[in-house]
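>>> dropping the sequence and predicted coords here.
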4 protein chains.
Amino acid sequence: MSYNSFGRLFRFTTWGESHGPAIGCTLDGIPPRLSLDENDIQKYLNERKPGQSKYTTQRQEPDAVKILSGVFEGQTTGTPIQLMIENVDQRSKDYGDIAQAYRPGHADYTYNAKYGIRDYRGGGRSSARETASRVAAGAIARKILGDSITIKAGMVQMGHHTVDRDNLDWDETRNNPLFCPDPVAANTWAAELDKIRKAGSSIGAVIEVVADGVPAGWGAPVYGKLDADLASAMMSINAAKGVEIGVGMGAAALSGEENADQMRPSPDGPDGAPEFLSNNAGGILGGISTGQQIVARFSVKPTSSILTPRKSITEDGTATDVMTKGRHDPCVGIRAVPIAEAMMAIVLADHMMLHRAQCG
Amino acid sequence: MSYNSFGRLFRFTTWGESHGPAIGCTLDGIPPRLSLDENDIQKYLNERKPGQSKYTTQRQEPDAVKILSGVFEGQTTGTPIQLMIENVDQRSKDYGDIAQAYRPGHADYTYNAKYGIRDYRGGGRSSARETASRVAAGAIARKILGDSITIKAGMVQMGHHTVDRDNLDWDETRNNPLFCPDPVAANTWAAELDKIRKAGSSIGAVIEVVADGVPAGWGAPVYGKLDADLASAMMSINAAKGVEIGVGMGAAALSGEENADQMRPSPDGPDGAPEFLSNNAGGILGGISTGQQIVARFSVKPTSSILTPRKSITEDGTATDVMTKGRHDPCVGIRAVPIAEAMMAIVLADHMMLHRAQCG
Amino acid sequence: MSYNSFGRLFRFTTWGESHGPAIGCTLDGIPPRLSLDENDIQKYLNERKPGQSKYTTQRQEPDAVKILSGVFEGQTTGTPIQLMIENVDQRSKDYGDIAQAYRPGHADYTYNAKYGIRDYRGGGRSSARETASRVAAGAIARKILGDSITIKAGMVQMGHHTVDRDNLDWDETRNNPLFCPDPVAANTWAAELDKIRKAGSSIGAVIEVVADGVPAGWGAPVYGKLDADLASAMMSINAAKGVEIGVGMGAAALSGEENADQMRPSPDGPDGAPEFLSNNAGGILGGISTGQQIVARFSVKPTSSILTPRKSITEDGTATDVMTKGRHDPCVGIRAVPIAEAMMAIVLADHMMLHRAQCG
Amino acid sequence: MSYNSFGRLFRFTTWGESHGPAIGCTLDGIPPRLSLDENDIQKYLNERKPGQSKYTTQRQEPDAVKILSGVFEGQTTGTPIQLMIENVDQRSKDYGDIAQAYRPGHADYTYNAKYGIRDYRGGGRSSARETASRVAAGAIARKILGDSITIKAGMVQMGHHTVDRDNLDWDETRNNPLFCPDPVAANTWAAELDKIRKAGSSIGAVIEVVADGVPAGWGAPVYGKLDADLASAMMSINAAKGVEIGVGMGAAALSGEENADQMRPSPDGPDGAPEFLSNNAGGILGGISTGQQIVARFSVKPTSSILTPRKSITEDGTATDVMTKGRHDPCVGIRAVPIAEAMMAIVLADHMMLHRAQCG
């Protein structure tokens, strides 16, 4: 029982604050004899790290990961893996304002209400910097899942704009700075986001993450459900406000005839496996995978670090206005894409091991 | 680590199948010296139990709860509370069809894929009958929360129809058989639902659940977040496909200026507490409560137990058509309302104790 | 995180008080398709149940177990198994004295100190009656372990008398009412225990439990150690005050030369496996099984329910004397034997699944 | 569920290998606003660190701890605390022999049997070096417990020699290099241990740890027992083979009259609290603290790193002899003393928070 841990058998605990000396995570329960070196992790961290394009914060962090334990001669040993990422670009900022006033839309006030103390530097523990640890852990989760399971995510909505599902190509997400699976939309959105950025404003987004190759049978009733764990995983990402599986909130508008995914014998699946004629379920029924593509989606709110002054109060309860100068992400949805993939990988790796434990 | 358990310190485990001799739950960690008898629980069970109106399944279950342990002379003792509800109306049905074929939209296939066996009678473990245990556990969670916290839920969308937010009155939800907080909508929807029912069809819904009186400071970073736990709790409810906190998926369409809830000094709150000028956050920032109303929402898909035949396969992989005769819920959203309240109460009670443990 | 649960993947939670309507346990995570009916469990319960000989309490309890969930057509389904044992012989006793005064050596005072309330009838939750649930759970754990692992326990010390290790025969433990593996000692001890019983006194004991057939590799560093879990399991048994693995406390008196179990190539083991020339380690090194016999031992204190008056106080702090009239166990070590076997089986089943989860 | 974690609410996870770049631990759930800096931890680490006297291994490790997170301006923030200790003196050794052969009495073979791989350098994860993390975590646990609870440990048996209980003075343990609470015995034992050391041999020991000031009411039935957790904690320490609470294994030899601790009204305790006339229970009844001194004891086996060659096999199953040259601890019981205190503090801090969570 740990507030900063996730997963049951694939278990990781993250630590560190935005402007402390380092952040990192401890992974326990990792199977032995997986080949692993720092490059296996670094390539995913590089996708998330700031300063990759003008659409993300200009904080300069190499996000160079070090493996401190649990790997010997290029292989996991089955003992805890400690990953550490040193913070580099955290020294310059002046926190005079933030130290005293609560930024609207941030966790400043709630941390203070809970703990009576907060590390206000760069958001401290509530900073999205923590998500680097998730991406690192996700890289190891992918090792466990192996090549037969592929996980892809992309931004499918930015503000009021949604992708054209006919254009969807998950291989496109790394070909544009918005990590958008619709290359046409990517262009349009980029122009708009540039305007938002220049105006010192920000915008929300929806990220979709899909997993192919997950066999039927992962997950469990009734609180160990695969979708309940995905909901928790995605909602735990900074700025997330909604999570959907398959048709998601849209299920409300469907009739029973429309919603239920019909089945036919699978022409090429394992014996007795169905071919589903649709995937409203997002690959999960009764909390257990169906063998179809797993489909999850979540919204992220726009960052509240904007140039427009907003009404707030100081720690001692005086009215003030807060404006966030300096670097920020105009759309945090972009960098949420590799995080979403990581969390999907983590949930799946955990359930793979849970399934193996119980069902052999 | 238990698939059928929920909560950390307020910990309950449910057991039982739809057509077994009984269902129930084991609650552990409950504070001592709470006054508790069966009536305290029964009143909530009566709200969820089937056969209350023509809009819910006609299965006749008294859902009479028995307390088998953990209560002595009308008070909790701090030791495990065992609640048992005997199944009464489970004998009549013929399961010949279901035993062999997978019902589309149900968990029949996935349970078989996972376990290689399933109790097909009435859905077995995947039946919504399990939720009676949640409602029972929720009644005890409310005891822990006390009278200063009130939890109300209602159906706010049925099919394409949404409530008029100007009509919203949470005290109205028990005054209409649809558990709808908009009395005007309730009337219209009832007529439509009757048509759906008579046609042997079904429809989806959205349930909203709100909690008032929750102090600032409950919850925790970064995987023990109050909203992550609510997401898990709501997504674990049968038929749920999406979960939202505050503006939810709508956050994607907002700008930073629109989204961040501004603050002013609270005229009558505790020293240094803010008054928020809006509640897009749904009462949670950084995974920790703000002191505002907690607002969660989730969609439920329409039941797949409908009169129209749907394409499916049998266990041995032969194409077949499946039609569900007999009693069913035309809109499972109705009975999801007391379940939603129970899960909210459970998550809050757990976090109340977690907060007390860490922060005194 | 549950006070009344044990195990990680083989997870069970017990509930119930000595004189409530029933006791039982909820098991979660059990593999599917194990053949299981009530007789599989009952045969172990019959070994533990009271009134089997003049050496155990004369309370009459059939200890008839009912399976309420998780089994379908004679097989486990992978969903929670609820076992219930109704209390039968709990009504006759007068608790006037116990209700007010704390019995020395019992948990009366500590329960009150913790909870401010206690079910004083027959010891309530602190009664050894709870161990029936352990024995029931153990029967299912044995099903998971299969026939290649055999678990045997017996009483190896009673008072100052210890078994003669040259006489040790684990098949003898069920051939004498003392569950002693040394048939010669069993006779002598029986005569002495009869005297103790008639005098209304009681005596302590040591129980040894051995498991054969456990492969090398179960367990894990450094807090998930097989021996740490065994220590917790055995110490959680009522009246236990000490736990030993292998040479146990005797390790203190050994030199490095004497203690370390030397190895030679195994003539008939798997490739590369050693044959150990001794077993001071009790089959566990570094928290992981060696492939040798697992050997655990624990002491149980004599019951404090004796005819001699002992000094105590009442709930309101007045000096009083307490004497326990009526039925009791002159040596609780006897009935601890099947409990010890059950706990060993539970720990091993849990670690078998843990090992499978991580190492495939 | 994590193999390398301990505690429920006071939760820490250790990581690192003997000869990797660093070791450390992640602590989660720590209350906020405890004053904490590295010196608070270092002073305990200095007691455990090697090379303090000729009676401990001559490995030179400064064991300098760094706090990487969770502390801000000298106070804990309630978020995860990461402690890191860099390994310094791990480079010189040649592991040619150990890499191929299993050292008798070590975990070499079992790690290989489990994981199919092992970091053989200095014992890797199974090295007692891990216990530095425990001592560091214990320092924080003591902060939570506050000054009203004092924890002291000492070596009470070395080989066949036991302390004279009449000489026992817990304040003496840091006045002699053997951490022995009997100053007379300390002298005698030191001379003997010097002989053992020079002979390249080793000897076992018993460590006793006592906690004063623990209020009645901490702990819980029936698997969350304070003594069950202490048993797990102590047995998880490297080389531990037995654990005792109060009279421990000696309970077997007592009669009911001798064993049960009688009570009288406490002349100066809280209202209704008893004064116990003895403490056979070691301060715990029914898994819950009585308010008396908590007394735990555990044996540690002699290290198997000795100069005398012992029979063993190589990884490929060939017979060989193994002799451990170089630095080692002639009696690991000495350095186990600060570890025992740390584990006691950790268990108590965890139960303090658990009690507060449930009982307010």
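Right, received. Where do you want to start? Numbers count the residues shown, from 1 in each chain, chains lettered A, B, ... in the order given.
>>> contacting residues around residue A:175?
Contact partners of residue A:175, counting by C-beta atoms under 8 Å, 6 or more residues apart in numbering or on different chains, are residue A:183. Bear in mind the C-beta positions are built from the backbone N, C-alpha and C, glycine included.
>>> any idea how far it is from chain B?
22 Å (C-beta to the nearest C-beta, to the nearest Å).
>>> where does that residue land on pLDDT?
Note for residue A:175: predicted pLDDT of 94.
>>> ok, now residue A:303?
On the pLDDT scale, residue A:303 gets 91.
>>> report the contact partners of it.
Neighbours of residue A:303 in contact, by C-beta under 8 Å, 6+ apart: A:105, A:202, A:239, A:328, A:329, A:330, A:332, B:256.
>>> per-residue pLDDT of residue A:346, please?
For residue A:346, the predicted pLDDT is 98.
>>> which of the helices or strands spans the residue nearest to it when sequence neighbours are not counted?
Distances taken as C-beta to C-beta, 6 or more residues apart in numbering or on different chains place residue A:141 nearest to residue A:346, at 4.6 Å, with adjacent residues excluded. Take DSSP states H and E as the rule and residue A:141 turns out to sit in helix A:131-145.
>>> what's that helix packed up against?
With contacts taken as 3 or more C-beta pairs under 8 Å, 6 or more residues apart in numbering or on different chains; DSSP states H and E, helix A:131-145 sits against strand A:11-16, strand A:22-28, helix A:38-48, strand A:81-86, helix A:333-359.
>>> and the second one, what does it pack onto?
When you say that, I think you mean strand A:22-28. Counting contacts by 3+ C-beta pairs under 8 Å, 6+ apart, strand A:22-28 packs against strand A:11-16, strand A:81-86, helix A:131-145, strand D:11-16, strand D:65-69.
>>> report all helices and strands that the next helix or strand after the third one contacts.
In this case it means helix A:131-145. For helix A:131-145, the following helix or strand on the C-terminal side (DSSP H and E) is strand A:150-158. With contacts taken as 3+ C-beta pairs under 8 Å, 6+ apart, strand A:150-158 sits against helix A:183-198, strand A:205-212, helix A:333-359.
>>> using a markdown table, please lay out the ones you listed together with mean neighbour count.
As requested, the helices and strands packed on strand A:150-158 are exported to a markdown table (neighbours: other C-beta atoms under 10 Å in any protein chain shown):
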| stretch | mean neighbour count |
| --- | --- |
| helix A:183-198 | 16 |
| strand A:205-212 | 24 |
| helix A:333-359 | 26 |
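>>> redo the ones you listed as JSON lines? Include distance to residue C:18.
Formatted as JSON lines, these follow (distance: least, C-beta to C-beta, whole Å):
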{"stretch": "helix A:183-198", "distance to residue C:18": "68"}
{"stretch": "strand A:205-212", "distance to residue C:18": "50"}
{"stretch": "helix A:333-359", "distance to residue C:18": "33"}
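>>> and the residue of the stretch 151-300 of chain A found nearest chain D, which of the three is it?
Residue of the stretch 151-300 of chain A nearest chain D, by C-beta to the nearest C-beta: residue A:224 (11.8 Å). Assigned with DSSP: H, G, I helix; E, B strand; the rest coil, residue A:224 falls in the coil class.
>>> how many residues are close by it?
25 (other C-beta atoms under 10 Å in any protein chain shown).
>>> what about it, distance to residue B:222?
21 Å (C-beta to C-beta, to the nearest Å).
>>> kindly report the same for residue A:60.
Residue A:60 is 24 Å from residue B:222, by C-beta to C-beta.
>>> same question, residue A:170
Residue A:170 is 28 Å from residue B:222, by C-beta to C-beta.
>>> check residue A:311 too.
Taking C-beta to C-beta, one finds residue A:311 at 28 Å from residue B:222.
>>> which of the two has more neighbours?
Set side by side, residue A:311 and residue B:222 show more neighbours around residue B:222, with 26 against 17, by other C-beta under 10 Å.
>>> per-residue pLDDT, that one?
96.
>>> thought it was touching residue B:287?
Yes. Judged on C-beta atoms under 8 Å, residue B:222 makes contact with residue B:287 at a distance of 6.7 Å.
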